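A.B. asks: When you get a sec, could you give me coordinates for this:
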Amino acid sequence: MIRVLIVDDQMMVREGFSVLLGAMPDIEVVGEAVNGREAVAQVAALRPDVVLMDIRMPELNGIEATREIVAADADAKVLVLTTFDLDEYVYQALRAGASGFLLKDASARQLAEGVRVVAAGEALLAPTVTKRLITEFAKAAAAAPRPPAIARIGELTERETEVLVLIAQGLSNAEIADHLVVAESTIKTHVSRILVKLGLRDRTQAAVFAYEARLVQVGG
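C.D. replies: Residues are numbered from 1 along each chain as shown. Take a look at the predicted model:
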């Protein structure tokens, strides 16, 4: 069972997601929180597998809550919920350590699948809308000075750099393996080495890093 904590300041949203996810045979909603501060406490107490996190909330917003949750537990998986009018915050949430995001108008199937993908460690969701929005947020990063961590890009081999670019384009390990005509286990090894060399926690941060390093064509 995948244990989920739902964080949103709107009761109807919490109840709606709880009903949708509770109907899934492999997902259990173990708790709810009405703001970021309560979310941090609930994560520490309940240890959920996935946190569904709203962004705009009182007391502590979803971005800061995500940052605190990930700082306390590097393995924590946060799936950010957003609407199109809040898109400017999603890139910040991914940088804070979120494992991916979903739009609040996602179907029950998309919501459940998103939870499963994040729980499995695939992290960054890859529907077309996700790639388009991340590209949009990356424009700000592309225009700004590169962070010092970008210097570590030189530590990657040519093949690791190629894999990093494909991760940023939203491909799964299996898809990358097919693209490069190698075994999926080989790609898993490359991904692990990339994360270690660059000091990143998961595939989502690897994708963000690739955009900030300008390895991926913004808008492409």
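A.B. asks: Return the helix or strand in the chain with minimum mean pLDDT.
C.D. replies: The weakest-scoring helix or strand in the chain, judged by mean pLDDT, DSSP states H and E, is helix 128-143 (a mean of 58).
A.B. asks: Following the chain onward from it, which element is next?
C.D. replies: helix 158-168 (DSSP states H and E).
A.B. asks: can you pull the buried residues of that following helix?
C.D. replies: Neighbour-count burial for helix 158-168, counted by 16 or more other Cβ atoms under 10 Å, picks out Glu160, Thr161, Glu162, Val163, Leu164, Val165, Leu166, Ile167, Ala168. C-beta: built from backbone N, CA, C; applies to glycine.
A.B. asks: Identify the residue spatially nearest to the second one, adjacent ones excluded.
C.D. replies: Spatial nearest neighbour of Thr161, chain neighbours left out: Leu215 (6.9 Å); criterion: Cβ to Cβ, 6 or more residues apart in numbering.
A.B. asks: so that neighbour touches Leu164, yeah?
C.D. replies: Yes: under the criterion of Cβ atoms under 8 Å, Leu215 makes contact with Leu164 at 6.4 Å.
A.B. asks: Contacts only, for His179.
C.D. replies: Leu166, Leu171 (Cβ atoms under 8 Å, 6 or more residues apart in numbering).
A.B. asks: That one in helix, strand or coil?
C.D. replies: The three-state assignment at His179 reads helix, by DSSP: H, G, I helix; E, B strand; the rest coil.
A.B. asks: Which parts of the chain are helices?
C.D. replies: Under the criterion DSSP state H, helices of the chain are mapped to 11-22, 36-46, 62-72, 90-96, 108-119, 128-143, 158-168, 173-180, 184-198, 203-212.
A.B. asks: Could you check the angle the last one makes with helix 158-168?
C.D. replies: By that I understand helix 203-212. 100 degrees (axes from the mean of the first three to the mean of the last three Cα atoms, to 10 degrees).
A.B. asks: Let's test this: mean pLDDT of helix 203-212, rounded?
C.D. replies: Per-residue pLDDT over helix 203-212 has a mean of 81.
A.B. asks: what's around Lys197, how many residues?
C.D. replies: 16 (other Cβ atoms under 10 Å).
A.B. asks: Then Glu122?
C.D. replies: So Glu122, with other Cβ under 10 Å, has 17 neighbours.
A.B. asks: Isn't Thr204 up against Ala96?
C.D. replies: No: applying Cβ under 8 Å, one finds Thr204 not in contact with Ala96, separated by 10.4 Å.
A.B. asks: rewinding a little: any chance of the buried residues of helix 158-168 in JSON lines with pLDDT and distance to Ala120 as columns?
C.D. replies: Shown next, in JSON lines, are the buried residues of helix 158-168 (pLDDT from 0 to 100; distance: Cβ to Cβ, whole Å):
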{"residue": "Glu160", "pLDDT": "95", "distance to Ala120": "22"}
{"residue": "Thr161", "pLDDT": "93", "distance to Ala120": "25"}
{"residue": "Glu162", "pLDDT": "94", "distance to Ala120": "24"}
{"residue": "Val163", "pLDDT": "95", "distance to Ala120": "19"}
{"residue": "Leu164", "pLDDT": "93", "distance to Ala120": "20"}
{"residue": "Val165", "pLDDT": "90", "distance to Ala120": "22"}
{"residue": "Leu166", "pLDDT": "90", "distance to Ala120": "18"}
{"residue": "Ile167", "pLDDT": "87", "distance to Ala120": "15"}
{"residue": "Ala168", "pLDDT": "82", "distance to Ala120": "19"}
